[in-house]
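[1] generate coordinates for the sequence data below:
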Amino acid sequence: MSAKSLTTAARDTIAQAVVGRERELALVLAAVAAGRDILLEGPPGTSKSTVLRAISQHWGVPFVLVEGNAELTPARLVGHHNPARVLTEDYSPDNFVPGPLVQAMTTGGFLYIEELNRAPEDTLNVLLGAMAERAVTIPRVGTMRAEATFRVLASMNPFDNVGTARISDSVYDRWNRLVVGYQDEAEERDIVARRTGNDDERLTADGVALTRATRAHPELRRGSSVRGAIDLVAIAMELRRITADATHEQIVLDAALLALSARIGVDETSETTPEQVISEIWENHFFSAPDRQRRARTA
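    Numbering: from 1, shown residues only. Sure, this is the predicted structure:
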């Protein structure tokens with residue numbers, strides 16, 4: 001990245017594609033402009049990939065997305081030789097099929113790995129080598145060197161340990177780490193309104209409030225991201241058209257049960273169900289005395 005790329009005007013242009021996140025955007029922008037790789041640690045639905053996509057689009061570099069999981073082997077990350085062509089032509093650089101790492105390196109793109117701590121250790125070792133050397137050596141192909149704008153970016157969800165491995169100190173040492181939390185309520189309302197096209201502020205506010213309440217409920221080990229609120233509002237908009245005789249409150253409950261029940265995680269020690277928790281949150285939101293008073297003041 002050239003020094004002139006890192007300006008207030010560039011930041012403001014990129015910020016148009018992101019709701020809020022001014023501080024995080026400035027930090028990520030500074031890191032990638034300085035030629036550094038970055039690890040974003042935070043729950044799902046907190047605009048991590050949105051920020052990175054916005055930066056890559058502004059600079060006109062490819063954004064290569066990879067999902068970290070047990071199937072992300074070194075061969076899948078780096079690439080492989082076409083088996084059919086190998087049978088007829090033997091191994092050659094011409095029949096090598098680049099994987100996402102090589103694609104990003106040779107095009108000067110951003111390689112973004114979601115859920116880094118789900119990737120196998122041997123895959124991480126290959127990745128670390130490429131990050132350190134800005135090159136990767138492929139048998140029967142040669143050494144592939146990265147363009148100057150190549151960056152390795154990754155995300156981790158600290159709240160879900162199922163299927164994940166502990167990230168070693170040597171892995172952390174390669175990244176600049178930024179912790180990203182949930183956006184505030186006003187920003188989440190803005191996100192939901194933009195993503196759904198909904199202009200009913202009451203529906204948006206109710207959808208966001210119910211979703212945010214899942215993050216603090218004592219029976220839950222995992223609450224919903226803003227994606228739950230987006231789906232809740234979108235479903236409620238359609239339910240209004242289908243069930244014209246239903247009340248606003250009933251529509252919101254039905255939409256919440258559908259949109260949130262798979263996105264929350266009930267604590268292992270609890271005997272309640274996701275549906276019971278959502279119904280309780282809905283009842284507290286619409287019918288508890290403090291909330292009725294709040295809505296009366298803002299009506």
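
[2] doesn't Leu65 belong to a strand?
    Yes: counting by DSSP: H, G, I helix; E, B strand; the rest coil, Leu65 is part of a strand.

[3] tell me the contacts of it?
    Under the criterion of C-beta atoms under 8 Å, 6 or more residues apart in numbering, the neighbours of Leu65 are Ser49, Pro100, Tyr112, Glu114. Placement of C-beta: from N, CA and C, glycine included.

[4] what do you get if the cut-off is 10 Å, keeping everything else the same?
    Ser49, Leu52, Arg53, Pro100, Ala104, Phe110, Leu111, Tyr112, Ile113, Glu114, Leu153 (C-beta atoms under 10 Å, 6 or more residues apart in numbering).

[5] where does the fifth one land in three-state SS?
    Okay, so that is Ala104. Here Ala104 is recorded as helix under three-state DSSP.

[6] do you know how far it is from Thr273?
    Taking C-beta to C-beta, to the nearest Å as the measure, Ala104 and Thr273 are separated by 43 Å.

[7] now swap in Val126 and tell me
    For Val126, the distance to Thr273 (C-beta to C-beta) stands at 43 Å.

[8] now Leu127
    Noted for Leu127: a distance of 40 Å to Thr273, by C-beta to C-beta.

[9] that older thread, from the contacts of Leu65, pick the one nearest Arg23.
    Checking the contacts of Leu65 against Arg23 by C-beta to C-beta gives Leu52 as the nearest, at 15.4 Å.

[10] wait, isn't that closest one in contact with Trp59?
    No: between Leu52 and Trp59 there is no contact under C-beta atoms under 10 Å: 11.1 Å.

[11] okay, these two: which has more neighbours?
    Leu52 (22 against 19; other C-beta atoms under 10 Å).

[12] next up, the contacts around the more buried one.
    Applying C-beta under 10 Å, 6+ apart to Leu52 gives the contacts Leu25, Val28, Val32, Ile38, Leu40, Phe63, Leu65, Phe110, Tyr112, Arg151, Leu153, Ser155.

[13] need phi/psi at it.
    Per-residue torsions, Leu52: phi -70, psi -40 (degrees, to the nearest 10).

[14] and for Val179?
    Per-residue torsions, Val179: phi -80, psi 130 (degrees, to the nearest 10).

[15] do the same with Ser155
    Backbone torsions of Ser155, given as degrees, to the nearest 10, read phi -130, psi 160.

[16] hmm, Gly45 and it touching each other?
    No: assessed by C-beta under 10 Å, Ser155 is found out of contact with Gly45, at 11.4 Å.

[17] and Val126 and Thr273? Which one has more around it.
    Remark: of Val126 and Thr273, Val126 carries more neighbours, 18 against 12, as counted by other C-beta under 10 Å.

[18] the more buried one reaches Pro100, doesn't it?
    No: shown here, Val126 and Pro100 do not form a contact pair, counting by C-beta under 10 Å, at 11.8 Å.

[19] on the three-state scheme, Thr137 is what?
    Going by three-state DSSP: Thr137 is strand.

[20] who touches it in this structure?
    Val78, Gly129, Ala130, Thr143, Met144.

[21] how much space is there between the last one and Thr137?
    Same thing as Met144. Met144 sits 8 Å away from Thr137, going by C-beta to C-beta.

[22] the first one now?
    For Val78, the distance to Thr137 under the criterion C-beta to C-beta works out to 10 Å.

[23] now the common contact residues for these two.
    Residues touching both Val78 and Thr137 by C-beta under 10 Å, 6+ apart: Ala130, Met144.

[24] what comes up buried for the longest helix that the chain contains?
    Longest helix of the chain, by residue count under DSSP state H: helix 226-242. By neighbour count with 16 or more other C-beta atoms under 10 Å, helix 226-242 contains the buried residues 226-237, 239.
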